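Novice: predicted model and sequence below, questions to follow.
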Amino acid sequence: MTTNESTAASLRDMRLCFYGAGSMAEALIQGLTKRGLIAPERIGVMNRSNGGRLAELAERYGVSPLHDTGERLAWLREADIVFLAMKPKDAGAALAALRGVVTERQLLVSVIAGLPIATIGRLVGENVPVVRTMPNTSSTIGLGATGVSYSQNVPAEGRAVAETIFGAVGMTAVVDEPLLDAVTGVSGSGPAYVYYLMEAMIDAAGQLGLAPEAARELTVQTVLGAAQMMRTTGGDPAELRRKVTSPGGTTEAAIAVLDESGFPDAVRRAVARAAERAGELGAIMERSASK
Ligand SMILES: NC(=O)C1=CN([C@@H]2O[C@H](COP(=O)(O)OP(=O)(O)OC[C@H]3O[C@@H](n4cnc5c(N)ncnc54)[C@H](OP(=O)(O)O)[C@@H]3O)[C@@H](O)[C@H]2O)C=CC1
Ligand SMILES: O=C(O)[C@@H]1CCC=N1
């Protein structure tokens, strides 16, 4: 058995607990269950409101909804991996409740933007191994992009399992922890920038008289094709753009408008601002954890 096969086999025997059951939890659950990495009933899900959302996830994916307090505590204690998947503003209270519940035998995998490993340690206990990640919602369809960092005490098997999980739902990049905020700016928030561009393209297509369905499909195929071209050819995006741009032609005219509008600078500033915001969120969480 190769290392990858034995990691996948040990993952199949594990129990995973999602602490937070929103969009990002669902993206990972869908990716993991659709790829058959683990039997759905071995995944427990809990949230704060304890309402219909858990039933919805159970219905969609066959995961175990955790309503009862005793049952939730048992899953949090016994799961091999606990995913921290709540918003930054809710993380302090939620993580404080894990102190004395999770132990060094488990792995805590955070997807929370900005939340430093040291702050997680301060809240739950420094002996608990932590994997800090920044995935994105494209994990839903196996095309996610996830940045990963580890606390010092994550054993080699823990690293292998984490990379198997995120590798099964897309690509992973292991980075030094301070760079996770940059990953957040590029690929964590990134799908939203692309959707924003697509919204504007579809809108423009409609204004030029294309029917909504044609506007949507032409836009989707264009973005898909451009991304796939870059991946398949390994080409530099500036060179691929040059091949589309005939001198004196339509693309040149369009790019001139984008340049006049400050498009490249706006994108650079947006990515940098998202990264900066991740740092701010981290600092807020750290301040409230150290009170
Ligand atoms: N959405 C995205 O594209 C990405 C998000 N992230 C990160 O993922 C995290 C979750 O984001 P997202 O899924 O969008 O958020 P959602 O608002 O969709 O989900 C948050 C979940 O956390 C639950 N929750 C809040 N407080 C508690 C608590 N005390 N105990 C248990 N559950 C709790 C909420 O429950 P309830 O609804 O009952 O309040 C809800 O199920 C964030 O930290 C974000 O930074 C990372 C990468 C991409
Ligand atoms: O907007 C947010 O804060 C989260 C983190 C990355 C994507 N969504």
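Specialist: Everything's here; your move. Ligands and ions are numbered 1, 2, ... in the order given.
Novice: what about the helices in the stretch 51-200 of the chain?
Specialist: With DSSP state H, counting those that start in this stretch as the criterion, the stretch 51-200 of the chain has helices at 52-61, 69-78, 88-96, 117-124, 156-168, 180-183, 190-207.
Novice: nearest to ligand 1, out of those helices?
Specialist: Among the helices of the stretch 51-200 of the chain, the nearest to ligand 1 by CB to the nearest ligand atom is helix 88-96 (3.5 Å). To be clear about C-beta, it is placed using only N, CA and C from the backbone, and glycine gets the same treatment.
Novice: using PDB, write out every CA atom in the closest one.
Specialist: Extracted in PDB, the C-alpha atoms of helix 88-96 (Å, rounded to 0.1, in the frame of the first residue of the first chain):
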ATOM      1  CA  PRO A  88     -14.700  35.000  12.900                       C
ATOM      2  CA  LYS A  89     -17.100  37.000  15.100                       C
ATOM      3  CA  ASP A  90     -18.400  33.700  16.600                       C
ATOM      4  CA  ALA A  91     -15.100  32.000  16.900                       C
ATOM      5  CA  GLY A  92     -14.100  33.200  20.400                       C
ATOM      6  CA  ALA A  93     -17.200  31.900  22.200                       C
ATOM      7  CA  ALA A  94     -17.300  28.700  20.100                       C
ATOM      8  CA  LEU A  95     -13.600  27.800  20.600                       C
ATOM      9  CA  ALA A  96     -13.700  28.600  24.300                       C
END
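Novice: list the buried residues of that helix.
Specialist: Neighbour counts over helix 88-96 (16 or more other CB atoms under 10 Å) mark P88, A91, G92, A94, L95 as buried.
Novice: what about the second one, distance to A205?
Specialist: Note on A91: its distance to A205, by CB to CB, to the nearest Å, is 41 Å.
Novice: tell me the residue of the stretch 151-291 of the chain that sits nearest ligand 2?
Specialist: Closest contact between the stretch 151-291 of the chain and ligand 2, by CB to the nearest ligand atom, is at G188 (3.5 Å).
Novice: contacts only, for that residue.
Specialist: Contacts for G188 (CB atoms under 8 Å, 6 or more residues apart in numbering) come out as A113, M134, P135, N136, G147, A274, A278.
Novice: distance of the fourth one from ligand 2?
Specialist: Distance, N136 to ligand 2, using CB to the nearest ligand atom, to the nearest Å: 7 Å.
Novice: hmm, L143 and that residue touching each other?
Specialist: No - under the criterion of CB atoms under 8 Å, N136 is not in contact with L143, lying 9.0 Å apart.
Novice: intersection of neighbour lists for those two?
Specialist: Joint contacts of N136 and L143 (CB under 8 Å, 6+ apart) are G170.
Novice: and of the buried residues of helix 88-96, the nearest to L197?
Specialist: Taking CB to CB as the measure, L197 lies nearest P88 of the buried residues of helix 88-96, at 26.2 Å.
Novice: which helix or strand contains the closest residue to the closest one other than its chain neighbours?
Specialist: The shortest distance from P88 to any non-neighbouring residue, by CB to CB, 6 or more residues apart in numbering, is to L281 (4.5 Å). Using DSSP states H and E, L281 sits within helix 263-289.
Novice: so is that helix next to ligand 2?
Specialist: No - judged by CB under 6 Å from any ligand atom, helix 263-289 stays clear of ligand 2, getting no closer than 7.3 Å.
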